[in-house]
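Visitor: sequence first, predicted model second:
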Amino acid sequence: MNLNSVLAVAKRDLRNVKRSRGVLLPLIIVPLIFVIILPVGLGLGAPFLSNLPASNLEQTARLVEQMPPAVQEQLAPYDTVQKMLYVVLVFLFAPMFLILPLMVSSVIAADSFAGEKERKTLEALLYTPTTDAELFLGKVLAAWIPAVLVAFAGFIVYAVCANVAAWPTMGHIFFPNAMWLVLIPWVAPAAAGVGLATTVLVSMRVNTFQEASQLGGIVVLPLVAVVIGQATGVMYLSTGLVAVMGGFLWLIALLLLRRGMRAIRRTTLLTGRGSDS
Amino acid sequence: MDTVIQTNGLTRHFGANVALDALSLDIRRGEVFGFLGHNGAGKTTTVRLLNGILAPTAGQARVLGLDPSTHGAALRRRTGVLTETPALDERLTATENLRTYGDLFGLDAQTAASRAAALLERFHLTDRGNERVSGFSKGMKQRLALCRALLHQPELLFLDEPTSGLDPVSIREVHELVRQAAREQGVTVFLCTHNLVEAQQLCDRVAVLERGRVMASGTPRELSDELGTGHRVRIEVEPTLHERALQILHSAGVEATQANGSPNPGLILRCPSRNEVPQSLRLLIQAGIEVYAVVPLEASLEDVYFALHADGEKAV
């Protein structure tokens, strides 16, 4: 396998992504909401949480009581509002943060695979000396690398925003904890892999970027389930659980990618289009 | 002269549809080979098979000494393909398109940049090099796609309808480029076209394809001699009597048209058999129309093509 060919394919796809407003907009807006607007809004709004009805504060107290003793010990020095802020910014937002790499890789993969079909630019690419594996890997990297970079950069921005905005309430740097230090380097790249692999497989069955990105977006649902699970106290993301979750996501991503790589063959890509003459 | 493309019984089915049926070709280096046929005749399928982006159902092919099915990547490094539709990255500029394909063909940045500049200059696109392709006209896109096909200086060039959508000046330039590439640089050109005038002007040899089967092949002259009607004549009569002469001929069932656009004015008669030429002339003379000249016309590739397709239609 020629690395230069792989990079050439990836560079081409990224050049195309950079020029599409339809692709770039969700890639800018969603991270903006998750890494800046939500933590800043919550941090700045925290001083007003004490005005909430007593029942809401009690609910937070109950949620904390359901957490493992180690976490309860960690939260012990905090008052109710501080606990509420910590639980939301550290625990509840963790699975939501994973939506970022998943969404970024899924949108780029939809543009790269289904979008290529839609723009009818695939044939010219197939006539280049790249092998099927180089073509596939180049397209996968074009979606995966930006997703991981967005996750890493987003994490840094989120950390700064959360600590700065919550400073008046917390009075010290509380973010990240150990769980996040596993989540970002281990789970986020795996989530990006699952997002793109799912979209690659979906893209083989649809013909437009819109269809692929919408269907590929279904992969977000398990993360929503984790958010709900945490909010209702059914589960909580410990460092160990996050490490296991990462391993599970890597396994799914690699299995799906292997399936995509086997399915995408130059000699069969054009035959389904009915354009032979 | 060594063989560049050799196929033996090359066949491709799509389900029950036979897109290409037992194609056997032998194309030599530096040749301009015309592949003629209607839309759907199997031309594009052949180009795909010969470049290893489609696998044959049966038969073998060797292109530049390589089997496209097993050595596609190495082969494609040495071939250039102008696809039926330009298939350009329309979000990118013309220069970016060429730079991108330079990367994909393994050219270093400097070589790609200098070749891209020279090609854009040659196809009059230098001024538009930094504009996005989405704003280009159909002809400009076609010229840019040609630049892309030539960027890595291929030994074998596949051109699928290269002059489609081009203005007359650009068409002449493409023709000049094909001749120059073949004669001066020894590039072999596989030209898919349904422009018969173009094929006659450019091609050393042609094959006529109908529903995936080669109906005839040879030099344009060979095909004309072998398959042309041979009974086309141009006659000169008083121009004011053209209309009347045509009426007389048509009512007698003779195919006749006015020689519009020809440097030699007159009427063109297409007679099914040689005997009908004097009979047609007699009709005109009997009607009092003087015939000043009768010039036999050589059958064109167009005549051959239509004759073959008429036979094909009858055979179905």
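Guide: Arrived safely, thanks for sending.
Visitor: list the contacts for A:Val219?
Guide: A:102, A:106, A:194-195, A:198-199 (Cβ atoms under 8 Å, 6 or more residues apart in numbering or on different chains). The way it works is simple: take the backbone N, C-alpha and C, and place the C-beta from them, glycine included.
Visitor: mind checking which of those residues land in helices?
Guide: If you go by DSSP state H, those have A:102, A:106, A:194-195, A:198-199 in helices.
Visitor: got any ranges where the chain has weak pLDDT?
Guide: In the absence of a named chain, this looks at chain A. Along chain A, segments meeting pLDDT under 70 span A:271-277.
Visitor: wait, I meant chain B there
Guide: B:1, B:224-230, B:260-264, B:298-303, B:309-316.
Visitor: longest helix in it, by number of residues?
Guide: Taking DSSP H as the criterion, chain B has its longest helix at helix B:168-185.
Visitor: which residues of the stretch 1-150 of chain A lie near chain B?
Guide: Residues of the stretch 1-150 of chain A lying near chain B by Cβ under 8 Å from any Cβ of the partner chain: A:2, A:4-5, A:7-9, A:11-12, A:15-16, A:19-20, A:119-131.
Visitor: quick one: which of the residues you listed sit in strands?
Guide: Among the residues of the stretch 1-150 of chain A next to chain B, the subset assigned to strands under DSSP state E is empty.
Visitor: please pick the buried ones from those residues.
Guide: A:5, A:7-9, A:11-12, A:15-16, A:19-20, A:119-131 (16 or more other Cβ atoms under 10 Å in any protein chain shown).
Visitor: and the gap between A:Ala70 and A:Ala243?
Guide: With the distance defined as Cβ to Cβ, to the nearest Å, A:Ala70 ends up 15 Å from A:Ala243.
Visitor: more neighbours: the two, which one.
Guide: A:Ala243 (15 against 10; other Cβ atoms under 10 Å in any protein chain shown).
Visitor: next up, the contacts around that one.
Guide: Shown in contact with A:Ala243 (Cβ under 8 Å, 6+ apart): A:182, A:186.
Visitor: what's the answer for B:Gly72, then?
Guide: When contacts are counted by Cβ under 8 Å, 6+ apart, B:Gly72 is found next to A:266, B:51-53.
Visitor: closest one of the residues you listed to B:Glu255?
Guide: B:Asn51 (41.8 Å; Cβ to Cβ).
Visitor: okay, now that closest one: neighbour count?
Guide: Residues lying near B:Asn51 (other Cβ under 10 Å) number 22.
Visitor: got phi/psi on it?
Guide: Phi and psi for B:Asn51, reported as degrees, to the nearest 10, are phi -110, psi 10.
Visitor: what's the burial count for the closest residue to A:Pro185 other than its chain neighbours?
Guide: Setting aside the residues directly before and after it, A:Pro185 is nearest to A:Phe152 in space (Cβ to Cβ, 6 or more residues apart in numbering or on different chains), at 8.0 Å. Using other Cβ under 10 Å, A:Phe152 has 15 neighbouring residues.
Visitor: secondary structure element holding A:Phe152?
Guide: helix A:132-170 (DSSP states H and E).
Visitor: next SSE downstream of that helix?
Guide: helix A:178-182.
Visitor: please identify the buried residues of that following helix?
Guide: Counting neighbours by 16+ other Cβ under 10 Å, one finds that the buried residues in helix A:178-182 are A:179-180, A:182.
Visitor: check these against chain B, which are close?
Guide: Contacts with chain B are made by none of the buried residues of helix A:178-182, judged by Cβ under 8 Å from any Cβ.
Visitor: distance to B:Gly40 added to these, as JSON lines?
Guide: As requested, these are exported to JSON lines (distance: Cβ to Cβ, whole Å):
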{"residue": "A:Met179", "distance to B:Gly40": "61"}
{"residue": "A:Trp180", "distance to B:Gly40": "59"}
{"residue": "A:Val182", "distance to B:Gly40": "58"}
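Visitor: filter the buried ones among the residues of the stretch 1-150 of chain A next to chain B down to the ones in helices?
Guide: A:5, A:7-9, A:11-12, A:15-16, A:119, A:122-126.
Visitor: pretty sure B:Ala41 is in a strand, no?
Guide: No - applying DSSP: H, G, I helix; E, B strand; the rest coil, one finds B:Ala41 to be coil, outside a strand.
Visitor: report the contact partners of it.
Guide: Counting by Cβ under 8 Å, 6+ apart, B:Ala41 has contacts A:277, B:209-212.
Visitor: just curious, which of these is nearest to B:Thr240?
Guide: Set against B:Thr240, the nearest of the contacts of B:Ala41 by Cβ to Cβ is B:Glu210 (42.5 Å).
Visitor: what is the burial count for the closest one?
Guide: A count of neighbours around B:Glu210, defined by other Cβ under 10 Å, yields 22.
Visitor: repeat that for B:Lys138.
Guide: B:Lys138 has 12 nearby residues by other Cβ under 10 Å.
Visitor: go on, B:Arg211?
Guide: For B:Arg211, the count of nearby residues is 18 (other Cβ under 10 Å).
Visitor: distance of the residue positioned nearest the centre of chain B from B:Leu50?
Guide: What sits nearest the mean C-alpha location of chain B, by Cα atoms, centre = their mean, is B:Thr193, with 2.8 Å. B:Thr193 sits 16 Å away from B:Leu50, going by Cβ to Cβ.
Visitor: again with A:Phe48
Guide: Applying Cβ to Cβ to A:Phe48 and B:Leu50 gives a distance of 72 Å.
Visitor: out of the two, which sits in the more crowded spot?
Guide: Between A:Phe48 and B:Leu50, B:Leu50 has the larger neighbour count (other Cβ under 10 Å), namely 27 against 9.
Visitor: wait, isn't the more buried one in contact with B:Ile5?
Guide: Yes - between B:Leu50 and B:Ile5 a contact is recorded at 6.3 Å, counting by Cβ atoms under 8 Å.
Visitor: now do the shared contacts for those two.
Guide: With Cβ under 8 Å, 6+ apart as the test, B:Leu50 and B:Ile5 both reach B:61, B:63, B:190.
Visitor: and A:Met245, what are its phi and psi?
Guide: The phi/psi pair for A:Met245 (degrees, to the nearest 10) is phi -60, psi -40.
Visitor: that one - how many residues pack around it?
Guide: The number of residues packed near A:Met245 is 21, by other Cβ under 10 Å.
Visitor: who's in contact with it?
Guide: Listed by Cβ under 8 Å, 6+ apart, the contact set of A:Met245 reads A:187, A:237.
Visitor: now with 7 Å?
Guide: Taking Cβ atoms under 7 Å, 6 or more residues apart in numbering or on different chains, we find A:Met245 in contact with A:Val187.
Visitor: now it: how far from A:Ala147?
Guide: A:Met245 is 17 Å from A:Ala147, by Cβ to Cβ.
Visitor: before we move on, back to that, what's the longest helix of chain B packed up against?
Guide: When contacts are defined as 3 or more Cβ pairs under 7 Å, 6 or more residues apart in numbering or on different chains; DSSP states H and E, helix B:168-185 packs onto helix B:138-150, strand B:188-193, helix B:196-202.
Visitor: can you list these in TSV and add distance to A:Trp250?
Guide: Shown next, in TSV, are these (distance: least, Cβ to Cβ, whole Å):
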stretch	distance to A:Trp250
helix B:138-150	39
strand B:188-193	47
helix B:196-202	56
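Visitor: does B:Gly129 touch B:Leu120 like I think?
Guide: Yes - under the criterion of Cβ atoms under 7 Å, B:Gly129 makes contact with B:Leu120 at 5.2 Å.
Visitor: from the stretch 101-250 of chain B, which residue is nearest to chain A?
Guide: Nearest to chain A, among the residues of the stretch 101-250 of chain B, is B:Asp103, at 3.7 Å (Cβ to the nearest Cβ).
Visitor: kindly export stretch A:251-267 (C-alpha atoms) in CSV.
Guide: C-alpha atoms of stretch A:251-267 as CSV (Å, rounded to 0.1, in the frame of the first residue of the first chain):
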residue,chain,number,x,y,z
LEU,A,251,-14.4,-3.5,18.0
ILE,A,252,-17.6,-2.4,16.3
ALA,A,253,-15.8,0.2,14.3
LEU,A,254,-13.2,-2.2,13.0
LEU,A,255,-15.7,-4.9,12.2
LEU,A,256,-17.9,-2.5,10.3
LEU,A,257,-14.9,-1.0,8.5
ARG,A,258,-13.7,-4.4,7.5
ARG,A,259,-17.1,-5.1,6.1
GLY,A,260,-17.0,-1.8,4.2
MET,A,261,-13.6,-2.5,2.8
ARG,A,262,-14.6,-5.9,1.5
ALA,A,263,-17.8,-4.5,0.0
ILE,A,264,-16.2,-1.6,-1.8
ARG,A,265,-14.6,-3.0,-4.9
ARG,A,266,-13.7,-0.9,-7.9
THR,A,267,-15.0,-3.5,-10.3
